[in-house]
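**Student:** Dropping a prediction and its sequence here:
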Amino acid sequence: MLVAEGLVAGYGAAEQILKGTSLRVEPGEIVTIIGPNGAGKSTFLKAVAGLLRVSAGRIAIGGRDVTGADAIGRARAGISFVPQESNVFGRLSVAENLSISGFLEPGETTRRVEEMYARYPMLAEKRRALARTLSGGQRQILAMAMGLMAKPSLILLDEPTAGLSPRAADELFDAVVALNRDGLPVLMVEQHAVESLEISHRGYVLVSGRNSVEGPGPDLARDPEIRRLFLGG
């Protein structure tokens, strides 16, 4: 579904965060990226989403090379990116947030909004509420639903449980698993590394912008060395 090979990217010629990072997501997988702060995890997602230009490497989605495409081109190719912060429009209602997220196919917007209400009844109940009045967990569900409005073939989630209570984080993970069970591949960066690895088919550890370890998610979550270095013991 996604093949990223040898990505080099950063925020200027002298600040290359990714230094040859490679990763793949197979159809039907949840893949999680972990690593220390500054390892390049979020930078990698932005590079794949087209928000950050790569100076070297290749990105393909569904066998189609999209390395030269911009963010809209990546979205049209099937990539949907849900950022960690500023991922909803607080002064707009839930319904308005969903509607403006259907920009790729305006003629399908009404039907897809109804699909989101059916998938997430809470959004239907809160459709007239301003997004800024939602709880943290509700905002993240709205952000994810906004990402789904484009009918992506791959969704990228950047620390979706950041700042959530343990209960809200568990509910968010349940929502991710449910999406995946319906056939949508997921690539996410997560601060709750153990929990995210346990629901992942595979995991990657990035260190200083380079691949360090790759393996089945549950195996990485149980690996004593990985736990000691990256998961807090």
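**Tutor:** Ah, there it is.

**Student:** Name the residue closest to the centre of this structure, please.
**Tutor:** Centroid check for the chain by C-alpha atoms, centre = their mean gives Leu157 as the closest residue, at 1.6 Å.

**Student:** Would you list the phi and psi of that one?
**Tutor:** Main-chain dihedrals, Leu157, degrees, to the nearest 10: phi -120, psi 120.

**Student:** dump the residue contacts of it.
**Tutor:** Val82, Met144, Val176, Val186, Leu187, Met188, Val189, Glu190 (C-beta atoms under 8 Å, 6 or more residues apart in numbering). C-beta: built from backbone N, CA, C; applies to glycine.

**Student:** any chance of these in a markdown table, plus distance to Leu130, pLDDT and secondary structure?
**Tutor:** Shown next, in a markdown table, are the contacts of Leu157 (distance: C-beta to C-beta, whole Å; pLDDT from 0 to 100; DSSP: H, G, I helix; E, B strand; the rest coil):
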| residue | distance to Leu130 | pLDDT | secondary structure |
| --- | --- | --- | --- |
| Val82 | 19 | 97 | strand |
| Met144 | 18 | 97 | helix |
| Val176 | 25 | 97 | helix |
| Val186 | 28 | 98 | strand |
| Leu187 | 30 | 98 | strand |
| Met188 | 27 | 97 | strand |
| Val189 | 28 | 96 | strand |
| Glu190 | 28 | 92 | coil |
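
**Student:** Now distance to Phe89 too, for those residues, in JSON lines please.
**Tutor:** What follows is those, written out as JSON lines (distance: C-beta to C-beta, whole Å):
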{"residue": "Val82", "distance to Phe89": "14"}
{"residue": "Met144", "distance to Phe89": "15"}
{"residue": "Val176", "distance to Phe89": "23"}
{"residue": "Val186", "distance to Phe89": "24"}
{"residue": "Leu187", "distance to Phe89": "24"}
{"residue": "Met188", "distance to Phe89": "22"}
{"residue": "Val189", "distance to Phe89": "23"}
{"residue": "Glu190", "distance to Phe89": "24"}
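
**Student:** which SS state does Leu18 fall under?
**Tutor:** Classification of Leu18 by DSSP: H, G, I helix; E, B strand; the rest coil places it in strand.

**Student:** for the residue nearest to the centre of the chain, which residues make a bridge with it?
**Tutor:** Under the criterion DSSP bridges, Leu157 forms beta bridges with Val82, Met188.

**Student:** Can you pull the poorly scored residue ranges out of the protein?
**Tutor:** For the chain, the stretches with pLDDT under 70 are 13-14, 230-233.

**Student:** which residues of it fall in strands?
**Tutor:** Using DSSP state E, the strands found in the chain span residues 2-10, 16-25, 30-34, 54-61, 64-65, 79-82, 154-158, 186-189, 202-207, 210-216.

**Student:** The ones you listed: which one's closest to Leu92?
**Tutor:** Closest to Leu92 of the strands of the chain is strand 79-82 (C-beta to C-beta; 16.6 Å).

**Student:** hey, C-alpha coordinates of the closest one in PDB?
**Tutor:** Provided in PDB are the C-alpha atoms of strand 79-82 (Å, rounded to 0.1, in the frame of the first residue of the first chain):
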ATOM      1  CA  ILE A  79      -3.300   9.500   1.500                       C
ATOM      2  CA  SER A  80      -5.100  11.200   4.300                       C
ATOM      3  CA  PHE A  81      -3.100  12.900   7.100                       C
ATOM      4  CA  VAL A  82      -4.500  13.800  10.600                       C
END
